[in-house]
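>>> Quick one, structure for this:
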Amino acid sequence: MDSIIKWFSGGQNQYMDSWHCMSHDTLWVIITIILNLMIVVGYIIIAHHWSKQEKIIPDGVSKRVLNRLKYIFLYCAVCGYLFDIIRFWWPGVRLMSLLYIFLIYYTFTFIFRAGGLKIVYKDLKDSGEVKEENIKLLEHQEELEEVKSNLELKQKELEEAKQNLEISLDSTRRTVSELEVTNKELEQFAYLASHDLQDPLRTMNAYLKLVSKKWPNSEAQEYIDIVMNSNVQMQELTTNLLHYAKKNREVPSFNFIDLNDVVEDVLNDIKLIINKAKAKITYDNLPELNIDRIQIKQVFQNLLTNCIKYKHPDRDPVIHISCEIRPTECVFSVKDNGAGIAAENIPHLFQIYRRFNHDDRGVGFGLSIVKRIIDKHNGRIWVDSVEGEGATFSFTLPRTRD
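Here you go, the predicted structure:
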């Protein structure tokens with residue numbers, strides 16, 4: 001170790017330290033040391049300042065050039081002035097010369113790349129703007145922290161709301177599943193009940209007819225007629241209930257069918273009803289769709305007979321069937337000039353067994369069955385009406401089916 005120190009200080013040609021060079025002039029030695037220390041501290045402060053400021057300068061040529069400038073200041077402080085102080089006691093000139101190599105490297109690197117100084121000036125300007133923005137951010141630091149805290153709180157609330165929503169969805173799914181099971185059980189009950197009621201009603205009706213024939217002029221004939229009429233209504237009710245339950249259980253058989261043929265078949269089936277009511281029924285050219293022929297035929301039959309049944313007392317029925325073809329669906333309309341429907345009754349029109357104003361025509365199943373069929377075809381049905389001016393029943397059928 002002593003030999004290395006000796007080599008740095010001149011080896012066999014031992015250099016003279018500055019203390020001896022200045023002939024032990026204590027006053028000027030102290031002044032020189034103080035001046036050198038001040039320069040060293042100044043250079044270090046400048047280098048430290050650049051080190052702090054370069055963090056806000058964007059990466060690029062200017063940042064690299066200024067980084068080298070920082071090391072130039074540090075090496076100038078060490079090689080140029082700190083060593084001058086050390087040389088007062090130890091003449092390590094050779095070590096100082098080696099350190100000069102690094103100083104020369106950084107100095108000439110800075111010189112050769114000084115073409116990037118234009119970028120430096122621009123980035124210094126930009127960094128000044130950034131600094132101003134940073135100062136503004138610091139001024140609002142508490143406000144930003146509060147906003148951040150509120151956002152985190154809102155995020156937690158959203159997470160809790162999400163969890164509650166998932167719980168509600170699970171509960172809803174379970175409820176829907178239970179309702180589906182209950183609905184199937186009710187449909188099964190309605191089917192069995194209406195089916196099993198048919199035989200007792202037929203038997204009762206047969207015996208009432210026998211009693212009526214055996215004692216045609218008896219005093220009980222009036223009561224027998226009342227019971228028979230009630231029995232007929234009960235049979236019609238159970239028949240419709242059975243039919244409604246069957247529609248719930250039926251799966252549509254889809255095929256491409258010309259709706260013109262379907263409507264023509266309906267008109268032939270209800271020809272006697274049409275002639276008796278002196279009704280006039282027309283229809284536009286209808287499309288071909290993928291439907292269950294039997295079920296859609298029943299839709300048109302129920303709607304047309306409904307229009308005739310509830311005709312206006314002062315005019316013959318005029319009914320028109322139209323179709324609007326849209327990109328994804330067809331909208332069918334059955335319009336009449338009948339008695340119309342009161343506005344308060346429209347929301348309940350498609351409910352099962354709903355009749356209005358003590359109307360005894362039918363038992364209230366026809367429109368419920370129509371809605372059930374349209375639902376099974378993934379369509380919608382609604383009615384527009386003005387009481388006394390007629391009604392328009394509209395329903396949709398998809399143009400394509402998955």
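
>>> name the element V266 belongs to?
Using DSSP states H and E, V266 maps to helix 259-269.

>>> What of L210?
Assessed by DSSP H and E, L210 sits inside helix 141-214.

>>> Summarise which helices and strands that helix is packed against.
helix 221-249 (3 or more Cβ pairs under 8 Å, 6 or more residues apart in numbering; DSSP states H and E). Placement of C-beta: from N, CA and C, glycine included.

>>> Give me the three-state assignment for L397.
What DSSP: H, G, I helix; E, B strand; the rest coil gives for L397 is strand.

>>> While we're on it, how confident is the model there?
For L397, the pLDDT comes out at 96.

>>> Would you tell me what the next helix or strand after the helix holding V266 is?
Going down the chain from helix 259-269, the next helix or strand is helix 271-277, by DSSP H and E.

>>> Are there helices or strands packed against the helix holding V266, and which ones?
Packing partners of helix 259-269 (3+ Cβ pairs under 8 Å, 6+ apart): strand 280-283, strand 288-291, helix 293-309.

>>> Between helix 293-309 and that helix, find me the angle.
50 degrees (axes from the mean of the first three to the mean of the last three Cα atoms, to 10 degrees).

>>> Does S212 touch N231 like I think?
No: with contact defined as Cβ atoms under 8 Å, S212 does not count as touching N231 (11.8 Å).

>>> any idea how far I369 lies from Q351?
Going from I369 to Q351 by Cβ to Cβ, to the nearest Å gives 12 Å.

>>> re the thing from before, out of the helices and strands packed on helix 259-269, deepest packed?
Ranked by mean neighbour count, these are led by helix 293-309 with a mean of 21 (mean count of other Cβ atoms under 10 Å).

>>> what's next to that helix, contact-wise?
For helix 293-309, the surrounding residues in contact (Cβ atoms under 8 Å, 6 or more residues apart in numbering) are 247, 250, 252-253, 255, 257, 259, 262-263, 265-267, 269-270, 273-274, 277, 279, 281, 317, 319, 321, 334, 336, 338, 361-362, 366-367, 369-370, 373-374, 376-377, 391, 393, 395, 397.

>>> ok, of the residues you listed, which come out buried?
For those, a burial check counting by 16 or more other Cβ atoms under 10 Å picks out 247, 252, 257, 259, 262-263, 266-267, 270, 274, 277, 279, 281, 317, 319, 321, 334, 336, 338, 366-367, 369-370, 373-374, 377, 391, 393, 395, 397.

>>> tally of neighbours for S230?
11 (other Cβ atoms under 10 Å).
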